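**Student:** here are the coordinates; sequence isn't available:
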């Protein structure tokens with residue numbers, strides 16, 4: 001079968017550090033730290049943590065062993081492509097001049113270099129990997145000549161873009177897609193993934209849920225400690241059958257917890273309940289109203305308790 005894919009000839013991270021003539025190492029020059037700016041789409045966090053302090057101490061003793069890779073910024077100065085943590089460590093160490101390699105790269109090639117150089121680090125957070133994979137995948141699609149909004153498995157040469165990204169990082173294309181799904185989470189839930197309070201597979205399932213309901217889930221996890229995959233699957237199925245309220249979601253999640261059943265049952269006859277509802281209301285409609293009213297009552301009680309009433 002004929003290959004209708006597009007070969008985009010992506011360079012490796014090592015290749016990006018070489019010149020086109022003889023593939024020699026590019027010139028390393030000194031540059032004032034004040035000339036450097038972070039990359040505009042930098043997906044990796046630069047944290048002032050214990051690892052940073054170790055890097056600061058190392059630079060004080062040994063200097064900057066690997067040059068910072070930059071490109072000219074259209075508004076002046078230079079944009080960092082590789083070396084954001086080294087630049088921050090130099091700032092903390094009081095070092096004003098750093099070694100750099102200047103590269104004239106287009107936006108997409110710059111993104112690929114940025115992602116590839118940082119994914120070589122240890123201890124990459126799930127959120128960092130998620131946005132890094134997304135950035136690189138989109139850059140590869142543009143370099144292939146036909147960007148796609150939804151299809152993350154666009155064909156490039158004999159491979160799909162997600163498969164190429166995964167192969168370069170020891171993961172399947174499917175796993176790359178799962179990581180990219182995390183970018184659809186609200187920031188609070190994504191932070192829970194980084195903190196390992198929310199399992200990766202559960203987070204991927206939640207990523208398909210509306211942002212408003214994600215906020216409810218965040219509040220539920222904050223109050224209850226966790227949510228399980230089977231609970232989220234049930235929630236998604238319930239949402240497909242119609243609208244859901246926060247009260248209904250909480251009730252469903254509580255009732256679907258493994259090994260947990262109601263300690264006691266409080267029952268009302270249908271005849272008694274119908275005294276409070278229009279004649280045309282179904283049992284389901286009556287239950288929904290009751291749950292909503294009880295939820296409002298609970299919130300009111302909590303509020304009054306906080307205010308000492």
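**Tutor:** Ah, there it is. Here the structure is a predicted model, which is why all the values come from computation and not from measurement.
**Student:** so where do the helices sit in the chain?
**Tutor:** Secondary structure of the chain (DSSP state H): helices at 50-62, 84-93, 107-118, 126-144, 161-168, 173-181, 187-194, 200-206, 211-224, 229-241, 246-255, 270-273, 283-306.
**Student:** dump these into JSON lines; add mean neighbour count as well.
**Tutor:** All C-beta atoms are positioned from the backbone trio N, CA, C, and that covers glycine. Listed next are the helices of the chain as JSON lines, based on neighbours: other Cβ atoms under 10 Å:
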{"stretch": "helix 50-62", "mean neighbour count": "13"}
{"stretch": "helix 84-93", "mean neighbour count": "20"}
{"stretch": "helix 107-118", "mean neighbour count": "22"}
{"stretch": "helix 126-144", "mean neighbour count": "21"}
{"stretch": "helix 161-168", "mean neighbour count": "21"}
{"stretch": "helix 173-181", "mean neighbour count": "20"}
{"stretch": "helix 187-194", "mean neighbour count": "18"}
{"stretch": "helix 200-206", "mean neighbour count": "19"}
{"stretch": "helix 211-224", "mean neighbour count": "15"}
{"stretch": "helix 229-241", "mean neighbour count": "15"}
{"stretch": "helix 246-255", "mean neighbour count": "17"}
{"stretch": "helix 270-273", "mean neighbour count": "10"}
{"stretch": "helix 283-306", "mean neighbour count": "12"}
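**Student:** of those helices, which is nearest residue 72?
**Tutor:** helix 107-118 (10.9 Å; Cβ to Cβ).
**Student:** ok so, going back, possible to save the helices of the chain as JSON lines with distance to residue 43 and mean pLDDT?
**Tutor:** Shown next, in JSON lines, are the helices of the chain (distance: least, Cβ to Cβ, whole Å; pLDDT from 0 to 100):
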{"stretch": "helix 50-62", "distance to residue 43": "18", "mean pLDDT": "94"}
{"stretch": "helix 84-93", "distance to residue 43": "11", "mean pLDDT": "95"}
{"stretch": "helix 107-118", "distance to residue 43": "8", "mean pLDDT": "91"}
{"stretch": "helix 126-144", "distance to residue 43": "4", "mean pLDDT": "92"}
{"stretch": "helix 161-168", "distance to residue 43": "14", "mean pLDDT": "86"}
{"stretch": "helix 173-181", "distance to residue 43": "11", "mean pLDDT": "93"}
{"stretch": "helix 187-194", "distance to residue 43": "12", "mean pLDDT": "96"}
{"stretch": "helix 200-206", "distance to residue 43": "17", "mean pLDDT": "96"}
{"stretch": "helix 211-224", "distance to residue 43": "20", "mean pLDDT": "95"}
{"stretch": "helix 229-241", "distance to residue 43": "25", "mean pLDDT": "92"}
{"stretch": "helix 246-255", "distance to residue 43": "31", "mean pLDDT": "92"}
{"stretch": "helix 270-273", "distance to residue 43": "53", "mean pLDDT": "80"}
{"stretch": "helix 283-306", "distance to residue 43": "37", "mean pLDDT": "62"}
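**Student:** I am finished for the moment; much appreciated.
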